[in-house]
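J.: Here's my sequence, what's the structure:
(one chain, ligands or ions: 2)
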Amino acid sequence: MGLYVRQLKLGPMDNAEGARETAIVDAAWDVEAALRAAEEDGRTVTHALVSHHHFDHVNGLPSLLESKGVPIHVHAADASELDRAMQSELRLVAGGDAVEVGPLRIRALHTPGHTPGSTCWQVEGEEGGIFSGDTVFVNACGRCDLRGGDPEQMYASLKKISELDPATRLYPGHDYGDVPVSTVQREREHNPYFALLGSLPGFVAHRMRPRR
Ligand SMILES: [Zn+2]
Ligand SMILES: [Zn+2]
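T.: Ligands and ions are numbered 1, 2, ... in the order given. Next up, the predicted model:
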């Protein structure tokens, strides 16, 4: 069973090839365009998955709720940061929980460090992938110096990701790299933050160094 992913500049959606049910990951900016894209492909958005609470990842949730009453899956540690008006639509997850989207199981991999509730959504199976939010980018990782950030947690989270099946495709929350989609293997080879995973103090010092 192939994995259907349509990456818009606004954010990715995923489901199984041939199934109608589709999850939108980080509904933000132009949600109407995302819903239209899904319809064009003969699919319908049935679930929302949130990587973390930052505005640029969740600002489309109100309009998504207005057009479609879909459940919003978010880690409990980031949920309280979301708008009070949508609290009743939230389905709180913990690391290891899975969400079923049609025939797909999408597991919440709790990866704090950028925010306390940062979650990589992992599609299981042979053609699996992870939606890595602001935790891993192509050749980079998320900031740890914002409120709720923690470089030691980021270190542990990157370690967890580096230990996944190397063939796992990686869909980052921002297109900052030289390619829009990577793999765990590629990041292990090229991502400078993965290269620092041998030493926690070295990683923390490097990650917290002010940017110029
Ligand atoms: Zn963020
Ligand atoms: Zn972001």
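
J.: In what element of secondary structure is A33 found?
T.: Here A33, judged by DSSP states H and E, is contained in helix 31-40.

J.: Tell me who's in contact with S157.
T.: 111-113, 118, 135 (C-beta atoms under 8 Å, 6 or more residues apart in numbering). To be clear about C-beta, it is placed using only N, CA and C from the backbone, and glycine gets the same treatment.

J.: Counting neighbours, which bits of stretch 186-201 end up buried?
T.: By 16 or more other C-beta atoms under 10 Å, the buried positions in stretch 186-201 come out as 186-188, 191, 193-194, 196-197.

J.: Helix, strand or coil: sort out A27 for me.
T.: The local conformation at A27, judged by DSSP: H, G, I helix; E, B strand; the rest coil, is coil.

J.: Run a quick check on it versus A48, I expect a contact.
T.: Yes. Taking C-beta atoms under 8 Å as the contact criterion, A27 and A48 are neighbours in contact, 5.4 Å apart.

J.: what residues are shared contacts of those two?
T.: A shared contact of A27 and A48, defined by C-beta under 8 Å, 6+ apart, is any residue touching both; here these are 61, 64.

J.: Tell me which stretches of this structure form helices.
T.: Taking DSSP state H, the helices of the chain run over residues 31-40, 55-58, 61-67, 76-79, 151-162, 184-190, 192-195, 200-208.

J.: May I ask which helix or strand of the chain has the lowest mean pLDDT?
T.: Among the helices and strands of the chain, strand 11-16 carries the lowest confidence by mean pLDDT, DSSP states H and E, at a mean of 61.
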